[in-house]
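> A structural model of the following input is requested.
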Amino acid sequence: MNIYALVKRTFDTEEKISVQNGEIAEDGAEFIINPYDEYAVEEAIRVRDEHGGEVTVLTLGGEDAEKQLRTALAMGADKAVLINTEDDLDDIDEYTAAAIIAEYLKDKEADLILAGNVAIDGGSGQVGPRIAELLDINYVTTITELKIDGDKANIVRDVEGDSETIEAQLPLLATAQQGLNDPRYPSLPGIMKAKKKPLEELELDDLDLDEDDVEAKTERVEIFLPPEKAAGRILEGDLQDQVKELVGLLRTEAKVI
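Next up, the predicted model:
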């Protein structure tokens, strides 16, 4: 099987994020593979191990993204592709990302394309479905189970706290939801092997694309952190006194009653 896993370099939201002049300050920030994309990479490797074939991980960005691609290679992917947009594009939105990736994939005869359900930095969940539409292939989002049987895929997907079972024809694009699998940690042998695995770097010109062809359709106006929450208050005294104080606070400070 010819399998592609799409990954994105994102900020580690477990670490402190600083916003300066309306932009996220990258100095000192930690970057990781988008966690939902880790499910996609893991599932791609599992499908390959069961059915044979090759797993290619693909991302957009600058040379800094090579680290995340090498991590995916260390997990077990066979090769990686970086489409370097650093010098050509100032902004990449969902339209831009989907258009570039679809242009690259259009003649690759992919049987299965896996991506994260959402990126934790944007959360739109648009890129995967947009790519599938541009490639004119089937797609299923928020999958929690995937079984390949010949040219068909049997899928369980998350639907707002319940699940739905779907059968789909390959080629297929699916986006991974939490619960699909448990992504493996790169082993030391895997990390050493990843250094020798092929990592191809392309630019827009290599895809016969101009900047105008993929110009972002949306504009980011501002980035800001949510306001700090006030510390909680502990009410003391008898229960009856606490209830009276609580009602008073809800009326005078919270203004919800």
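> going forward, measure contacts between C-alpha atoms and count neighbours the same way
OK.
> Report the buried residues of the longest strand along the chain.
The longest strand of the chain (DSSP state E) is strand 138-149. Within strand 138-149, the residues scored as buried using 16 or more other CA atoms under 10 Å are 138, 139, 140, 141, 142, 143, 144, 145, 146, 148.
> Next: stretch 80-88.
Applying 16+ other CA under 10 Å to stretch 80-88 flags 80, 81, 82, 83, 84, 85 as buried.
> before we move on, what about stretch 56-68?
56, 57, 58, 59, 60, 61, 65, 66, 68.
> name the helices or strands packed onto the helix or strand the last one falls within?
With elements taken from DSSP states H and E, the one containing residue 68 is helix 66-75. Using 3 or more CA pairs under 8 Å, 6 or more residues apart in numbering; DSSP states H and E, the elements in contact with helix 66-75 are helix 35-51, strand 54-61, strand 79-84, helix 188-194.
> Just send those back as TSV, with mean pLDDT and distance to residue 222 too.
Shown next, in TSV, are those (pLDDT from 0 to 100; distance: least, CA to CA, whole Å):
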stretch	mean pLDDT	distance to residue 222
helix 35-51	97	24
strand 54-61	96	21
strand 79-84	96	25
helix 188-194	93	38
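> These into a markdown table, with extra columns for distance to residue 179?
A markdown table is the format used below for the helices and strands packed on helix 66-75 (distance: least, CA to CA, whole Å):
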| stretch | distance to residue 179 |
| --- | --- |
| helix 35-51 | 8 |
| strand 54-61 | 21 |
| strand 79-84 | 25 |
| helix 188-194 | 24 |
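> Which of those sits closest to residue 241?
The stretch from the helices and strands packed on helix 66-75 with the least distance to residue 241 (CA to CA) is helix 35-51; that distance is 47.1 Å.
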